[in-house]
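Colleague: Coordinates for the following, if possible.
(2 chains)
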Amino acid sequence: MFFHYVKYEGLQLIRNRWAVVLLIVFVVLCLFAVSNGTGKVTLRKAETETAVNTMREADEVHKAKIDSLEKGLLSLEDDGWRRRLNYIGNRAPRVAVMPPASLAFLATGQSDLYPHTMKAYLYVNIETYAASFTELSNPVQLMFGSFDLAFVLIYLLPLLVLAFSYNLLSEEKEQGLLRLTLAQPVSLYGWLFNKMLLRFFLMTAIVWGSLIVALLVAGVSWSFGILPLLGLVTLYIFFWFAVALIVNVFGKTSGTNAVAVISVWTVLVLLLPAVISQLANNLYPVPSRVNMIHEMRTAKAEAEKEANKILASYYRDHPELAQQDTTVKNQYQFYLGYFASQDVVKKSVAPVLEEYREKSEAQKQFVESFRFVSPALLLQHALNDIAGTSSRHYEAYKNRVIAFTEEWRAWFLPRMFNNELMSSSDFEKLPSFEYNYDEVASSFAADFVALLVFAVLLTGISVWVYRKEGLEPVLTS
Amino acid sequence: MADLKLKTDVIPNHNLNDMLEAKQLTKKYNDATALDAVSFTVNKGDIFCLLGANGAGKTTTINLFLNFIQPTGGEALINGLSVTAHSLETKKLLSYIPENLILYPNLTGLENLEYFSGLAGKKYSKDECKKFLTEAGLQEEAHSRKASHYSKGMRQKVGIAIALAKNAAVLLLDEPTSGLDPKASNEFSELLTKLSALGVATLMATHDLFRAKETGTHIGIMKEGRLLELLTTSHVNHTDLEKLYLKHMN
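Modeller: Predicted coordinates:
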């Protein structure tokens, strides 16, 4: 029977140009969104490439100078400082890059709020710790995001689905066709469901086609990462058709249906996300970032004043760092005091950081668990996850950078305590940074299942409403 | 028309000729009574015309036979089957032509016929469908034109073609001739007579006393939800029918 509908409904959809108009509109939207998204990713790549190249060039310069010093081509008196470890550790910092994930263009997510390159120095750089704690946010941007594919899929796609389906029943009723249809041995629900199903398949085909065309045009390399995307979007489309199905089976006029579907869209796509975001801010306020940085700076200044005293106790705690050749004075004496003080700095700012981290984590968890109230939030979450632009990814990146900074220090400090110098062959031994997207657990399964539950639940509700309301209000009102 | 295969095995004491039967059919909306204990039967080949003013309950009666609304009391039977209990089975037996039959404007008359008879579970070749349309009086060149260009009379012919394609045993008509020009109206009556000869039982709501007398075999006069008079058309003449009708209306 479904194919009977496919044939004759399909003919009509082609003849009234709905399908063609939808296809064109959606392809244009997708192309625009993908070009926006890839534009941002290209910019991001260019920035990180520049940072990495600058680092490499600097490395080469340092290496060449040290090489000359080693070969006696430069005088130790004039250029000897170039081999000092504190100089290299601070002047040739490692660039820690968070490269875009392969589908980063999909959703801007948090990518316009956080840095993608950070540097690991020997000294404590407060910015590293504060990096993922941001309260900078543009409310309009938070509300609508950028014009990326996520925006098209989350916000605009439901509108197209609803425009395509809100009056399936009411239109036929108003035209007077419905009575002739229902005089045939078909159930109203079955008839309506088949019509919806056909439109769902058509819409899904249009969306898949548009996405694939947009990706091809954008020159995005293919990966299996696209399959979860297609799966999620398909469920999301189904969900919105199910919304239209419920609204239709009440048997009201097209005007009433239009108001009803737009209300549902407003609540699920605009209102709930805004309310949840506001609630998260009110229930779990994150302390001021400015205050946090101020507190960290004060703690740092205090600790640095006490540098020499701290160094003495530092030696007590780290006897292994005592210089082996005690006949010469350690040339890094001043810096060693400074570095020892950095540990104290880290310890003293830890409570500030921890408070900030806890509050922001509570807020994140609140927002994450409340994503289950709206499919729009679920899809947003899932798309950020696929694009690698979620706040979790940036937090993981920040933590990774902090850990790497420790690694960087750990490479230099023992050598400095031992009064060593940098040699040209050391450059290859320097630790290098790698960001791994797998560190953040994927939430795809949870988001997918939740969307599936939404879709099935709403279809169930439509059956229930149909049983409860029956034919009479549909045909007589 | 091909042989009518009717389900008779499930109905005890069912007279094979009773295609349509209203048994104490009642419909109330809150306090208002739209239909009050109406009973009648329509046999094979009968054309039963319901006459009455607007709001007399004619359309309500037809809606009840279509199971579009639920009776408050009594029952409507088609070929002995209750339409509420056997909604889909009874709809296989009937064909319905509303007062203003609307077709899908983007489909041709032929495609509309294929679509609706397909919903009824019938599959025909293009030629067979064209034959039904011709039989219903739709001129050949209109078959492949979009229904948006059809007149009311043409759309009703497609309605008749659907009835032919469905092999319907029962025809429910709601003021089918209102708004038709006299020629089209006459053509339509001839079609009904043709179907009647094939054994189709017809229930027709109408305002048109003249048509009712010309084509109908039986006439029921309704007022305010009640069936006041049951007549056999051959037993009354035009003048008497009109007098009787006006007597009841005043």
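
Colleague: tell me which parts of chain B are close to chain A?
Modeller: By Cβ under 8 Å from any Cβ of the partner chain, the residues of chain B that approach chain A are B:63, B:66-70, B:88-89, B:91-92, B:94-96, B:98, B:100-104, B:106-107, B:111, B:114-116, B:118-121, B:159, B:172. Quick note: C-beta positions are derived from backbone N, CA and C, even for glycine.

Colleague: Just the buried residues out of those residues, in ChimeraX syntax.
Modeller: Listed next is the ChimeraX selection for buried residues among these, using 16 or more other Cβ atoms under 10 Å in any protein chain shown:
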select /B:63,66,67,68,69,89,91,92,94,95,96,98,100,101,102,103,104,106,107,111,114,115,116,118,119,120,159,172
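
Colleague: Now, the residues of chain B next to chain A that are in helices?
Modeller: B:Asn63, B:Leu88, B:Glu89, B:Lys91, B:Lys92, B:Glu111, B:Glu114, B:Tyr115, B:Phe116, B:Gly118, B:Leu119, B:Gly159 (DSSP state H).

Colleague: Can you pick out the most distant pair from those?
Modeller: Farthest-apart pair in these is B:Asn63 and B:Glu111; separation 27.6 Å (Cβ to Cβ).

Colleague: B:Thr72 versus the residue of chain B most remote from its centre, what's the distance?
Modeller: Relative to the C-alpha centroid of chain B, counting by Cα atoms, centre = their mean, B:Asp31 is the outermost residue, at 28.7 Å. Applying Cβ to Cβ, to the nearest Å, the value for B:Asp31 to B:Thr72 is 12 Å.

Colleague: from the middle of its chain, how far away would stretch A:122-131 be?
Modeller: 22 Å (Cα atoms, centre = their mean, to the nearest Å).

Colleague: quick check: mean pLDDT across it?
Modeller: Stretch A:122-131 carries an average pLDDT of 72.

Colleague: pLDDT wise, what is the spatially most central residue of chain B at?
Modeller: With distances taken as Cα atoms, centre = their mean, the residue of chain B nearest its centroid is B:Leu172 (1.7 Å). Per-residue confidence (pLDDT) for B:Leu172: 95.

Colleague: which residues does it contact?
Modeller: Contact analysis of B:Leu172 by Cβ atoms under 8 Å, 6 or more residues apart in numbering or on different chains lists A:Ala183, B:Ile62, B:Phe65, B:Leu66, B:Leu94, B:Ser95, B:Tyr96, B:Ile97, B:Thr202, B:Leu203, B:Met204.

Colleague: Please tell me how far it sits from B:Phe48.
Modeller: 10 Å.

Colleague: Now for these two: what residues contact both?
Modeller: B:Thr202, B:Leu203, B:Met204.

Colleague: Could you report the separation of the first one from B:Ile62?
Modeller: Translated: B:Thr202. 11 Å.

Colleague: Show me whatever sits in contact with both of the two.
Modeller: B:Leu172, B:Leu173.

Colleague: Who has more neighbours out of these two?
Modeller: Neighbour count, other Cβ atoms under 10 Å in any protein chain shown: between B:Thr202 and B:Ile62, B:Thr202 has more, with 28 against 24.

Colleague: which SS state does that one fall under?
Modeller: strand (DSSP: H, G, I helix; E, B strand; the rest coil).

Colleague: these two touch, right, it and B:Leu173?
Modeller: Yes: when contacts are counted by Cβ atoms under 8 Å, B:Thr202 is listed as touching B:Leu173 (6.6 Å).

Colleague: how about low-confidence regions in the chain?
Modeller: Going with chain A. Scanning chain A for pLDDT under 70 picks out A:130-145, A:307-308, A:476-477.

Colleague: oops, I was thinking of chain B
Modeller: In chain B, residues with pLDDT under 70: B:1-14, B:16.

Colleague: where along it do the helices fall?
Modeller: Using DSSP H, helices in chain B cover B:58-65, B:87-93, B:109-119, B:126-135, B:152-166, B:182-197, B:209-215, B:238-249.

Colleague: and if you look at the stretch 301-450 of chain A?
Modeller: A:307-317, A:333-369, A:375-387, A:391-417, A:444-469 (DSSP state H, counting those that start in this stretch).

Colleague: could you give the angle of the shortest one to helix A:333-369?
Modeller: So that's helix A:307-317. 80 degrees (axes from the mean of the first three to the mean of the last three Cα atoms, to 10 degrees).

Colleague: which helices and strands does helix A:307-317 pack with?
Modeller: helix A:333-369 (3 or more Cβ pairs under 8 Å, 6 or more residues apart in numbering or on different chains; DSSP states H and E).

Colleague: What of the second one?
Modeller: Packing contacts for helix A:333-369, counted by 3+ Cβ pairs under 8 Å, 6+ apart, involve helix A:126-130, helix A:272-283, helix A:289-305, helix A:307-317, helix A:391-417.

Colleague: can you pull the alpha-carbon coordinates of the shortest one into CSV?
Modeller: I take that to be helix A:126-130. Presented in CSV, the C-alpha positions along helix A:126-130 are these (Å, rounded to 0.1, in the frame of the first residue of the first chain):
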residue,chain,number,x,y,z
ILE,A,126,48.5,31.9,34.1
GLU,A,127,46.7,32.0,30.8
THR,A,128,47.3,28.3,30.4
TYR,A,129,45.3,27.5,33.5
ALA,A,130,42.6,30.0,32.8
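
Colleague: for it, packing partners?
Modeller: Secondary elements touching helix A:126-130 (3+ Cβ pairs under 8 Å, 6+ apart): strand A:117-120, helix A:289-305, helix A:333-369, helix A:391-417.

Colleague: just these: most buried one?
Modeller: strand A:117-120 (a mean of 22; mean count of other Cβ atoms under 10 Å in any protein chain shown).

Colleague: Show me how far it is from its chain's centre.
Modeller: With Cα atoms, centre = their mean, you get 19 Å for strand A:117-120.
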